[in-house]
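> Here you go, sequence then predicted model.
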Amino acid sequence: SPGKSPGTRPEDEADGKPPQREKWSSKIDFVLSVAGGFVGLGNVWRFPYLCYKNGGGAFLIPYFIFLFGSGLPVFFLEVIIGQYTSEGGITCWEKICPLFSGIGYASIVIVSLLNVYYIVILAWATYYLFHSFQKDLPWAHCNHSWNTPQCMEDTLRRNETHWVS
């Protein structure tokens, strides 16, 4: 209905009360919800790889510069826009300026494409989790089609006479 505030609770509308916005029950609920959104297996898995690939500890300097210089400000901007407009990720941009309505849809497309990448990482983790319950691990031996000629059995590597002879 026109004039209805987004986030209006049905019980307030039925009683004729002024609309009240929904809110988090505590600040820790909000913090944990946000942390769950950006701390995941993909980030935990990728960050050490990026550190190793880009110079180790020296990588942390530009990483933290960009984190505090652009990552956190953009994150807080998104939170503030969502809180100010009381809208979701798609419709909040349209409320600010109708020309910006495509930004919300573009963000949904990007998140959907990133989910494909994230699902692959989760599939690998699940694969290795279930195979690690077997007595003989599939990746512990060199008699598989995916092994390279440089593959060496663990028992041969532990045998010191193999390296001397």
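Noted; the coordinates are in hand.
> what ranges of this protein fall below the confidence cut-off?
1-16, 18-19, 21, 42, 154-165 (pLDDT under 70).
> At the geometric centre of it, which residue do we find?
residue 38 (4.5 Å; CA atoms, centre = their mean).
> residues touching that one, list them.
Shown in contact with residue 38 (CB atoms under 8 Å, 6 or more residues apart in numbering): residue 75. The way it works is simple: take the backbone N, C-alpha and C, and place the C-beta from them, glycine included.
> now it: how far from residue 142?
39 Å (CB to CB, to the nearest Å).
> same thing with residue 70?
Taking CB to CB, one finds residue 70 at 46 Å from residue 142.
> same deal with residue 111?
41 Å.
> Compare the two (neighbour count), which wins?
Between residue 111 and residue 142, residue 142 has the larger neighbour count (other CB atoms under 10 Å), namely 14 against 11.
> Just say helix, strand or coil for the nearest residue to the more buried one once chain neighbours are set aside.
Leaving aside its sequence neighbours, residue 142 sits nearest to residue 151 (CB to CB, 6 or more residues apart in numbering; 4.0 Å). Following DSSP: H, G, I helix; E, B strand; the rest coil, the label given to residue 151 is coil.
> can I assume residue 151 is in contact with residue 145?
No. With contact defined as CB atoms under 8 Å, residue 151 does not count as touching residue 145 (11.4 Å).
> Please enumerate the shared neighbours of the two.
With CB under 8 Å, 6+ apart as the test, residue 151 and residue 145 reach no residue in common.
> Which of the two has more residues huddled nearby?
Shown here are residue 151 and residue 145; by other CB under 10 Å, residue 151 has more neighbours (12 against 4).
> Name the residues of the longest helix that the chain contains that are buried.
Secondary structure of the chain per DSSP state H: the longest helix is helix 101-131. Of the residues in helix 101-131, 101, 103, 104, 118 count as buried by neighbour count, 16 or more other CB atoms under 10 Å.
> packing partners for that helix?
helix 41-53, helix 91-96 (3 or more CB pairs under 8 Å, 6 or more residues apart in numbering; DSSP states H and E).
> what's next to the longest one, contact-wise?
Taking CB under 8 Å, 6+ apart as the criterion, the residues outside helix 41-53 that touch it are 57, 59, 60, 63, 117, 118, 121, 122, 125.
> what is the orientation angle of it with helix 101-131?
Going by axes from the mean of the first three to the mean of the last three CA atoms, to 10 degrees, helix 41-53 is angled at 80 degrees with respect to helix 101-131.
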